[in-house]
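# quick one: sequence plus predicted model below, questions after.
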Amino acid sequence: MSRRPVRRRTGGRRPRRRKGAVPVELWAFGAVALVAVSVITAVVSWLAAHPWVVLLVVLVAAGIGGWWLYRRQEAARWERVRAQSLRYAVEHLDGLHYTQFEYAVRDLMRRDGCQDAQQVGGRGDNGADVKATDPFGRRWVIQCKHRKAGTSGSAVGTPDLQVLNGTGRQIHGGDVLVMLTNGRFSAPALDFAASQRLHLVDRKLLARWAAGSTPLWELLRAVPPPRRPTSLS
């Protein structure tokens, strides 16, 4: 019987690298590093021969930094001025989207000195739309109920107050729990709020607060005492 010739495998195998050979990638990296070192050395040498350039760069950088700091301080100062003079007519609040209404309440709390006031309303807010700490250390938790029709809209009822009462202290750690609306409250809601130490801000009180300059805690009755002594307490 005749034997079939053995077929030799063609292709597929890479030539073996000789031992001790330097990879091409390493050569490329070394070349780039050498160029970088050369450039840096040349720049340093040039700057050493022209020290005024370094001084000029430092002065320009200091000028830019000073200008940026000045602009930032000016922006903060004007923000304080704007906050201190912030006023809202209740009719203007009627026309806002309910989220904008919450931001307006946040801005009013900041105007009164609550620097950390923030809008937190939204899905999963657990009964809080605005939270703030007043200058006396009291934590405020405010639930906002916006009514496009004002007092002609539906009254804020007991169920809404029950949500605030159940989460304001236990979840949010509030000292002052406020239900605020540009509308009105139902009679059962008034009774429930009084029994649970909840504070209500209706349209009339909101109009007085938003259009004036008196802090909300001076307009409400039976607000808890300050957490920390101050010159005003």
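Yes, it's here.

# domain map for this structure?
Domain segmentation of the chain under automatic domain parsing yields 24-83, 90-219.

# among the helices and strands of this protein, which has the poorest mean pLDDT?
helix 51-84 (a mean of 69; mean pLDDT, DSSP states H and E).

# could you identify the helix or strand that succeeds that helix?
Scanning forward in sequence from helix 51-84 by DSSP states H and E, the next helix or strand is helix 90-94.

# now that next one: buried residues?
By neighbour count on 16 or more other Cβ atoms under 10 Å, the buried set for helix 90-94 is Val90, Leu93, Asp94. For glycine as for every other residue, the C-beta is placed from the backbone atoms N, C-alpha and C.

# show me the contacts for the first one.
Shown in contact with Val90 (Cβ atoms under 8 Å, 6 or more residues apart in numbering): Gly150, Asn182, Arg203, Leu206, Ala207, Ala210, Ala211.

# what is the nearest of the buried residues of helix 90-94 to Ala28?
Nearest to Ala28 out of the buried residues of helix 90-94 is Leu93 (Cβ to Cβ; 67.1 Å).

# which residues in the chain form strands?
Assigned by DSSP state E, the strands in the chain fall at 118-119, 130-133, 139-145, 176-181, 199-201.

# circling back to that earlier point, pick the one among the buried residues of helix 90-94 closest to Pro23.
Nearest member of those to Pro23, counting by Cβ to Cβ, is Leu93, at 71.5 Å.

# residue contacts, that closest one?
Counted by Cβ under 8 Å, 6+ apart, Leu93 has contacts Phe101, Ala104, His146, Asn182, Leu206, Ala210.

# can you rerun that using 6 Å?
Asn182 (Cβ atoms under 6 Å, 6 or more residues apart in numbering).

# for it, give its distance to Phe192.
25 Å (Cβ to Cβ, to the nearest Å).

# pretty sure Gly113 is touching Thr133, no?
No - contact between Gly113 and Thr133 fails when scored by Cβ atoms under 6 Å: they sit 9.6 Å apart.

# just give the number of residues close to Leu190.
For Leu190, the neighbour count with other Cβ atoms under 10 Å is 17.

# quick check: closest non-adjacent residue to it.
Leu200 (7.0 Å; Cβ to Cβ, 6 or more residues apart in numbering).

# mind listing the residues bridging to the one you found?
Residues in a beta bridge with Leu200, per DSSP bridges, are Met179.

# my read: it touches Ala193, true?
Yes - counting by Cβ under 6 Å, Leu200 touches Ala193, with 5.1 Å between them.

# what's near enough to touch the spatially most central residue of the chain?
Residue closest to the mean C-alpha point of the chain, counted by Cα atoms, centre = their mean, is Gln118 at 7.4 Å. Shown in contact with Gln118 (Cβ under 6 Å, 6+ apart): Lys131.
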